[in-house]
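Chemist: Prediction below, plus the sequence it came from.
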Amino acid sequence: MSTANTAKPLEGSRSRSQIIVLFIALIVFIMLLFANFAYLNTQSNYDKQYISHAGELRVLSQRIAKNATEAAAGKAAAFKLLGDARNDFSQRWEYLQKGDPSTGLPPAPVAVRKEMQSVQRDWDQLLGSTNAILASEQTVLSLHQVAATLAETVPQLQVEYEKVVEILLQRGAPASQVALAQRQSLLAERILGAVNTVLAGDETAAQAADAFGRDANRFGQVLNAMLEGNDGLRIPKVEDKDARARLLEISELFQFVSGSVDEILETSPQLFHVREAANTIFSLSQTLLDEASTLANGFENLANGRSLDIIGGYVLGLLALASIILIGLVMVRETNRQLRETAEKNERNQNAIMRLLDEIEDLADGDLTVTASVTEDFTGAIADSINYSIDQLRELVATINLTAGQVAAAVQETQASAMQLAESSEHQAQQIAEASGSVQHMAQSIDQVSANASESSAVAERSVAIANKGNEVVHNTIRGMDNIRDQIQDTAKRIKRLGESSQEIGDIVSLIDDIADQTNILALNAAIQASMAGDAGRGFAVVADEVQRLAERSSAATRQIETLVRAIQADTNEAVISMEQTTTEVVRGARLAHDAGVALEEIEGVSQNLADLIQRISNAAQEQTSSAAQISLTMNVIQQITHQTSSGSTATAESIGNLAKMASQLRRSVSGFTLPASPKPREPQ
């Protein structure tokens, strides 16, 4: 037995030495394998990054060409894309030249230096053209924006000129004016075509810019001549109102065109250079694409030349696998030996366990007086722990009995307090209900006050409206009386002028009367002379008699006219006096109406103040109503809380009763344990 026990440690020591040696060899092989794979993985990652950067250079070369063409065509987004593509190309090219510190990528190998130099040569040329386009971004975008606005404005000019032609034809305008308007429409189309040619940026762009300037100036001169006339151009002024209105609209539209002439003439050469740069980029992009493809193929060839390192990794892997197999065989042999030793040890432990179970069998029936034997077997520590647990369990059962009695006494006191609290809560709920009813009654009274105040406010507002209307009527009456006074004064002036005219008629009648008297005297003198002439003056005597009778009739008529004129003058004086009295009465009535208007304005002001006061009373009553409603809601909430408190107190009393029952059940549950004569209970915490 002793020899066998001595041989077993020697055999285990030899197996452990073999396992250590094999483990060292395995670690060495694995480290070499990992070093080889790490080197291959690093180089493979480098190759992937080189190939990825070269592939991106191919894509970016075409993207730069596409964005450069679109940027030269005036697309705003293309400039940002072009700048991003340029920066991305520069960044990736710098990674290939100098390496990438963020990923640890070294510069490209010397084996692809020739391909790198070819790409560098074309990239320098393409970069210069790209920078030239980006530097002209504002100019290109501004010019294309002007062109876009012109593309919208020129068709409007043509439409307006077509309307001018229609108006001139309808009005029968001279054929020269109609032809001139039609020529303006064609000139506008030429202006738009010249702008599009400038934007194309080809060889004819400079001539198109000059043509645009000449046509725009000619268009403006003719337009101004049609509006104002120009003798130098022999263009008459358009007189038709509708045609001139259209021409004024055309003049407003043309202001943008005329303001864009200088800008287009100044920036067209720069746009031509941008177009040349875009064409240069387009021609270089294909060459750069081919050279980037050649560079990518060079990186792929470098990656394919690492097969020898991969074979070495496989050999190291096979050696590591052989080491693992040998370690497994040695460990299986050692495991079988340990299993035999473990079986013997388990048999000894099984006997110790059965002995311990026999000693603690009475513990399952609640007998806390048993004690387990502590031996040197592995069950000795278990027996010691069981004895300690039994001691703790004895103290716990004694403490439960003591605590259950104390809980039962405290539960009875708490249950009585909870019942008293429930009764107080119920009484409080009744008082809150009465207070809530009083608040609701007060809210109803305030609502009635608010309704009465609102109705009074409406009546006051109607009073204000009626006073306002009365004030307007009084003002209208005053204005009417002022008009009547003015008309009466005008009539009095006319009657006075009539009296003055009748006085002049009296003077004329007096003159006629004097003439009749003188004529009568002359007729008498003629009759005397005729009688003295005898038969020779007989015919003259007849004429003298007729003249005398005519003079008498004129004198009689003059006296009648004089009588009528005096009557008219008397009536005129009476009418003037009556008009003056009427004017006085009208002025007095206007003054009274003005006083009435002032009184109505005071009534209106008082009514307005009364309406404001009533409105404030109504608002205050509404606020009181809202406050009373809020108080009522709050009282209801308090009442609900009080009911909940009462219910909670009742439920608490019931829960406390259940707690007393649970304490009794707890005492009954530990009554099955058997304790020593004087157990030491724990103090309840």
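Modeler: Done, it's in. Please read these numbers as outputs of a predicted model, since none were measured by experiment.
Chemist: any idea which helix or strand comes after the longest helix anywhere in the chain?
Modeler: Assignment by DSSP state H gives helix 379-533 as the longest helix of the chain. Counting by DSSP states H and E, the element after helix 379-533 in chain order, helix or strand, is helix 538-669.
Chemist: just checking, what packs against the helix or strand harbouring residue 247?
Modeler: Assigned by DSSP H and E, residue 247 falls within helix 241-304. The helices and strands touching helix 241-304, judged by 3 or more CB pairs under 8 Å, 6 or more residues apart in numbering; DSSP states H and E, are helix 2-72, helix 113-135, helix 137-171, helix 175-200, helix 205-228. The C-beta positions use only the backbone N, C-alpha and C, and glycine is treated the same way.
Chemist: Throw the ones you listed into CSV and include mean neighbour count, thanks.
Modeler: Converted to CSV, those look like this (neighbours: other CB atoms under 10 Å):
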stretch, mean neighbour count
helix 2-72, 16
helix 113-135, 17
helix 137-171, 18
helix 175-200, 19
helix 205-228, 18
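Chemist: Out of these, which gets nearest to residue 434?
Modeler: Between residue 434 and these, the shortest gap by CB to CB is with helix 137-171, which sits at 80.9 Å.
Chemist: Output the contacting helices and strands for that closest one.
Modeler: helix 2-72, helix 76-98, helix 175-200, helix 241-304.
Chemist: could you redo the last one with a cut-off of 10 Å?
Modeler: helix 2-72, helix 76-98, helix 175-200, helix 205-228, helix 241-304 (3 or more CB pairs under 10 Å, 6 or more residues apart in numbering; DSSP states H and E).
Chemist: between those helices, which one is nearest to residue 375?
Modeler: The nearest among the helices and strands packed on helix 137-171, by CB to CB, is helix 2-72 at 22.6 Å.
Chemist: per-residue confidence averaged over the closest one?
Modeler: Averaging pLDDT along helix 2-72 gives 72.
Chemist: and stretch 417-434, how far from the chain's centre?
Modeler: 57 Å (CA atoms, centre = their mean, to the nearest Å).
Chemist: which residues are contacting stretch 552-563?
Modeler: By CB atoms under 10 Å, 6 or more residues apart in numbering, the list of residues contacting stretch 552-563 from outside reads 505-506, 508-517, 519-520, 523.
Chemist: residue contacts, residue 463?
Modeler: So residue 463 contacts 603, 604, 606, 607, 608, 610, 611 (CB under 10 Å, 6+ apart).
Chemist: nope, residue 296 is what I meant
Modeler: 50, 51, 52, 53, 54, 55, 56, 57, 58, 112, 115.
Chemist: In CSV, list those residues along with distance to residue 414.
Modeler: Below are the contacts of residue 296 laid out as CSV (distance: CB to CB, whole Å):
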residue, distance to residue 414
50, 84
51, 83
52, 79
53, 82
54, 86
55, 83
56, 81
57, 86
58, 87
112, 92
115, 94
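Chemist: Which among the helices and strands packed on helix 241-304 is found nearest to residue 284?
Modeler: Residue 284 lies closest to helix 113-135 among the helices and strands packed on helix 241-304, at 4.7 Å (CB to CB).
Chemist: How many residues are close by residue 495?
Modeler: 18 (other CB atoms under 10 Å).
Chemist: what ranges of the stretch 151-300 of the chain fall below the confidence cut-off?
Modeler: For the stretch 151-300 of the chain, the stretches with pLDDT under 70 are 151, 194-206, 208-210, 212-213, 256, 258-272.
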